[in-house]
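[1] for reference, the sequence and a predicted model appear below.
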Amino acid sequence: MTTNYRQVIARSSDAEPNDYYATDPRAAHDLLRIEPALENIWEPACGEGHLAKVFDQYGKLGRATDLVDRGYGETLDFLSYGGTAWDGDIVTNPPYKYAAEFVLKALDACGKNHKVIMLLPVTFLETADRYDRIFSRYPPARVFVYSKRLMCAKNGDFDNARKNNSMKCYAWFVWWKDLMTTSPLMGWIR
(Lines give C-alpha, C1' and ligand atoms only; values in the text may rest on other atoms or scores of the structure.)
Protein backbone atom coordinates (compact mmCIF):
# COMPACT_ATOMS: atom_id res chain seq x y z
CA MET A 1 0.00 0.00 0.00
CA THR A 2 1.44 3.36 -1.03
CA THR A 3 0.90 6.37 1.18
CA ASN A 4 -0.04 9.65 -0.50
CA TYR A 5 1.71 12.27 1.64
CA ARG A 6 -0.13 15.08 -0.14
CA GLN A 7 -3.36 14.00 1.57
CA VAL A 8 -4.40 16.04 4.54
CA ILE A 9 -3.94 13.79 7.53
CA ALA A 10 -5.85 15.35 10.40
CA ARG A 11 -4.57 14.44 13.84
CA SER A 12 -7.83 15.65 15.31
CA SER A 13 -10.93 17.55 14.25
CA ASP A 14 -9.31 20.84 15.34
CA ALA A 15 -5.95 20.33 13.58
CA GLU A 16 -4.58 23.44 11.88
CA PRO A 17 -5.29 23.08 8.12
CA ASN A 18 -1.79 24.14 6.99
CA ASP A 19 -0.18 22.11 9.79
CA TYR A 20 1.30 25.31 11.28
CA TYR A 21 2.57 24.68 14.78
CA ALA A 22 5.14 27.31 15.80
CA THR A 23 8.17 26.11 17.73
CA ASP A 24 9.28 27.49 21.07
CA PRO A 25 12.43 29.53 20.27
CA ARG A 26 14.28 27.73 23.07
CA ALA A 27 14.52 24.77 20.66
CA ALA A 28 16.86 26.83 18.44
CA HIS A 29 19.02 27.78 21.44
CA ASP A 30 19.13 24.11 22.50
CA LEU A 31 20.13 23.01 19.01
CA LEU A 32 22.93 25.57 18.73
CA ARG A 33 24.27 24.39 22.08
CA ILE A 34 24.51 20.76 20.89
CA GLU A 35 25.39 21.52 17.24
CA PRO A 36 27.43 24.77 17.47
CA ALA A 37 29.17 24.35 14.08
CA LEU A 38 25.99 24.86 12.04
CA GLU A 39 26.41 27.44 9.29
CA ASN A 40 24.42 29.20 6.59
CA ILE A 41 21.18 27.64 7.84
CA TRP A 42 18.18 27.41 5.53
CA GLU A 43 14.96 27.25 7.56
CA PRO A 44 12.43 26.03 4.92
CA ALA A 45 9.29 26.04 7.11
CA CYS A 46 10.00 29.25 9.00
CA GLY A 47 6.44 30.30 9.83
CA GLU A 48 6.69 33.55 11.78
CA GLY A 49 10.43 33.03 12.31
CA HIS A 50 10.51 31.55 15.80
CA LEU A 51 13.59 29.40 15.03
CA ALA A 52 15.04 31.51 12.22
CA LYS A 53 15.22 34.68 14.34
CA VAL A 54 17.38 32.84 16.88
CA PHE A 55 19.64 31.48 14.13
CA ASP A 56 19.91 35.03 12.78
CA GLN A 57 20.86 36.39 16.24
CA TYR A 58 23.82 33.99 16.21
CA GLY A 59 24.80 34.91 12.64
CA LYS A 60 23.91 31.41 11.43
CA LEU A 61 20.87 32.11 9.21
CA GLY A 62 21.33 32.00 5.46
CA ARG A 63 17.73 31.77 4.25
CA ALA A 64 14.22 31.54 5.71
CA THR A 65 11.28 30.37 3.58
CA ASP A 66 7.76 29.07 4.02
CA LEU A 67 4.94 27.92 1.76
CA VAL A 68 2.61 30.47 3.41
CA ASP A 69 3.50 34.14 3.93
CA ARG A 70 3.33 34.62 7.69
CA GLY A 71 5.26 37.90 7.69
CA TYR A 72 8.75 36.44 7.90
CA GLY A 73 11.10 35.11 5.21
CA GLU A 74 10.43 34.38 1.54
CA THR A 75 7.40 32.54 0.21
CA LEU A 76 8.65 29.30 -1.36
CA ASP A 77 7.37 25.74 -1.68
CA PHE A 78 10.36 23.81 -0.33
CA LEU A 79 9.06 20.49 -1.63
CA SER A 80 9.08 21.90 -5.18
CA TYR A 81 12.57 23.44 -4.86
CA GLY A 82 14.67 22.47 -7.85
CA GLY A 83 17.61 24.84 -7.50
CA THR A 84 21.27 24.12 -6.93
CA ALA A 85 22.47 22.32 -3.83
CA TRP A 86 22.25 24.50 -0.72
CA ASP A 87 25.75 25.33 0.51
CA GLY A 88 24.85 25.17 4.17
CA ASP A 89 22.76 23.28 6.68
CA ILE A 90 18.98 22.79 6.50
CA VAL A 91 17.13 23.00 9.82
CA THR A 92 13.39 23.10 10.48
CA ASN A 93 10.35 21.85 12.34
CA PRO A 94 8.51 20.62 9.24
CA PRO A 95 4.75 20.27 8.90
CA TYR A 96 4.31 16.78 10.30
CA LYS A 97 2.01 15.55 7.55
CA TYR A 98 4.92 16.19 5.13
CA ALA A 99 7.80 15.39 7.47
CA ALA A 100 9.08 12.38 5.51
CA GLU A 101 9.01 14.42 2.30
CA PHE A 102 10.86 17.28 4.01
CA VAL A 103 13.60 14.93 5.22
CA LEU A 104 14.08 13.40 1.78
CA LYS A 105 13.94 16.77 0.00
CA ALA A 106 16.42 18.32 2.44
CA LEU A 107 18.84 15.43 2.01
CA ASP A 108 18.61 15.95 -1.74
CA ALA A 109 18.91 19.77 -1.57
CA CYS A 110 21.69 19.92 1.03
CA GLY A 111 25.24 20.32 -0.26
CA LYS A 112 28.16 18.03 0.58
CA ASN A 113 29.47 17.97 4.16
CA HIS A 114 26.40 19.74 5.55
CA LYS A 115 23.66 18.67 7.94
CA VAL A 116 19.92 18.20 7.72
CA ILE A 117 18.28 18.65 11.10
CA MET A 118 14.57 18.22 11.77
CA LEU A 119 12.59 18.72 14.95
CA LEU A 120 10.15 15.82 14.97
CA PRO A 121 8.03 13.87 17.44
CA VAL A 122 9.87 10.80 18.72
CA THR A 123 7.10 8.72 17.11
CA PHE A 124 8.62 9.66 13.74
CA LEU A 125 10.90 6.66 14.37
CA GLU A 126 7.87 4.38 13.95
CA THR A 127 6.26 2.83 10.85
CA ALA A 128 7.55 0.45 8.25
CA ASP A 129 6.95 3.04 5.53
CA ARG A 130 9.32 5.61 7.08
CA TYR A 131 11.84 2.87 7.80
CA ASP A 132 11.76 1.76 4.15
CA ARG A 133 11.77 5.30 2.69
CA ILE A 134 14.18 7.00 5.08
CA PHE A 135 15.86 5.14 7.94
CA SER A 136 16.99 2.04 6.03
CA ARG A 137 18.66 4.27 3.42
CA TYR A 138 19.49 7.39 5.43
CA PRO A 139 19.74 6.71 9.15
CA PRO A 140 20.35 9.84 11.22
CA ALA A 141 23.80 10.34 12.75
CA ARG A 142 22.32 11.59 16.02
CA VAL A 143 18.97 11.90 17.75
CA PHE A 144 18.57 14.30 20.70
CA VAL A 145 15.38 13.69 22.71
CA TYR A 146 13.80 16.32 24.93
CA SER A 147 13.53 15.03 28.48
CA LYS A 148 11.03 17.82 29.20
CA ARG A 149 8.21 18.44 26.75
CA LEU A 150 8.80 21.21 24.21
CA MET A 151 5.97 23.59 23.39
CA CYS A 152 4.71 23.89 19.81
CA ALA A 153 1.83 26.34 19.38
CA LYS A 154 -1.05 25.81 16.95
CA ASN A 155 -1.17 28.84 14.61
CA GLY A 156 1.65 30.40 16.66
CA ASP A 157 -0.68 30.97 19.63
CA PHE A 158 1.73 30.40 22.53
CA ASP A 159 -0.70 31.82 25.12
CA ASN A 160 -3.18 29.04 24.34
CA ALA A 161 -0.38 26.46 24.09
CA ARG A 162 0.80 27.32 27.61
CA LYS A 163 -2.68 26.49 28.93
CA ASN A 164 -2.58 23.05 27.27
CA ASN A 165 0.53 21.04 28.04
CA SER A 166 2.24 19.43 25.06
CA MET A 167 1.17 15.88 24.40
CA LYS A 168 4.23 15.04 22.29
CA CYS A 169 7.81 14.25 23.01
CA TYR A 170 10.11 15.90 20.44
CA ALA A 171 13.66 15.24 19.33
CA TRP A 172 16.19 16.86 17.03
CA PHE A 173 17.04 14.34 14.28
CA VAL A 174 20.48 15.05 12.77
CA TRP A 175 21.57 13.72 9.37
CA TRP A 176 25.07 14.47 8.16
CA LYS A 177 24.86 14.52 4.37
CA ASP A 178 28.01 12.51 3.69
CA LEU A 179 28.32 10.57 6.93
CA MET A 180 25.62 7.94 6.89
CA THR A 181 25.74 5.54 9.79
CA THR A 182 23.84 2.44 10.76
CA SER A 183 23.91 3.18 14.49
CA PRO A 184 22.79 6.70 15.39
CA LEU A 185 24.10 8.23 18.60
CA MET A 186 21.39 9.08 21.08
CA GLY A 187 21.36 11.95 23.55
CA TRP A 188 18.95 13.92 25.68
CA ILE A 189 18.22 17.61 26.03
CA ARG A 190 17.44 18.57 29.62
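    Great, that's in hand.
[2] residue 52 touches residue 46, doesn't it?
    Yes. The pair residue 52 and residue 46 qualifies as a contact (CB atoms under 8 Å) at a distance of 4.6 Å. Yep, even glycine has a C-beta here, placed from its N, CA and C like the rest.
[3] anything in contact with each of those two?
    Contact criterion CB atoms under 8 Å, 6 or more residues apart in numbering; residues shared by residue 52 and residue 46: 64, 72, 73.
[4] grab the longest helix from this protein for me.
    Of all the segments assigned as helix in the chain under DSSP state H, the longest by residue count is helix 99-109.
[5] remind me what that one packs against, helices and strands.
    Packed against helix 99-109 by the contact rule (3 or more CB pairs under 8 Å, 6 or more residues apart in numbering; DSSP states H and E) you find strand 90-92, strand 115-121, strand 170-176.
[6] in the chain, what residue spans correspond to helices?
    26-34, 52-57, 99-109, 128-130, 158-163.
[7] output the contacting helices and strands for the fourth one.
    Using 3+ CB pairs under 8 Å, 6+ apart as the contact definition, helix 128-130 packs against no other helix or strand.
[8] buried sites along that helix?
    residue 130 (16 or more other CB atoms under 10 Å).
[9] hmm, back to that, could you dump the helices and strands packed on helix 99-109 into TSV and include mean pLDDT, distance to residue 26 and mean neighbour count?
    What follows is those, written out as TSV (pLDDT from 0 to 100; distance: least, CB to CB, whole Å; neighbours: other CB atoms under 10 Å):
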stretch	mean pLDDT	distance to residue 26	mean neighbour count
strand 90-92	98	15	29
strand 115-121	97	11	23
strand 170-176	95	11	23
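[10] looking at the ones you listed, which is nearest to residue 134?
    Nearest of the helices and strands packed on helix 99-109 to residue 134, taken as CB to CB: strand 170-176 at 9.1 Å.
[11] list the buried residues of stretch 178-186.
    Those would be residue 184, for stretch 178-186 by 16+ other CB under 10 Å.
[12] other residues contacting that stretch?
    112, 113, 138, 139, 140, 141, 142, 143, 144, 145.
[13] make it 6 Å
    Contact with stretch 178-186 is made by 112, 113, 139, 140, 141, 142, 143, as judged by CB atoms under 6 Å, 6 or more residues apart in numbering.
[14] and it, end to end?
    19 Å (CA to CA, to the nearest Å).
[15] and that stretch, how far out from the chain middle?
    Centroid separation between stretch 178-186 and its chain, computed with CA atoms, centre = their mean, to the nearest Å, is 18 Å.
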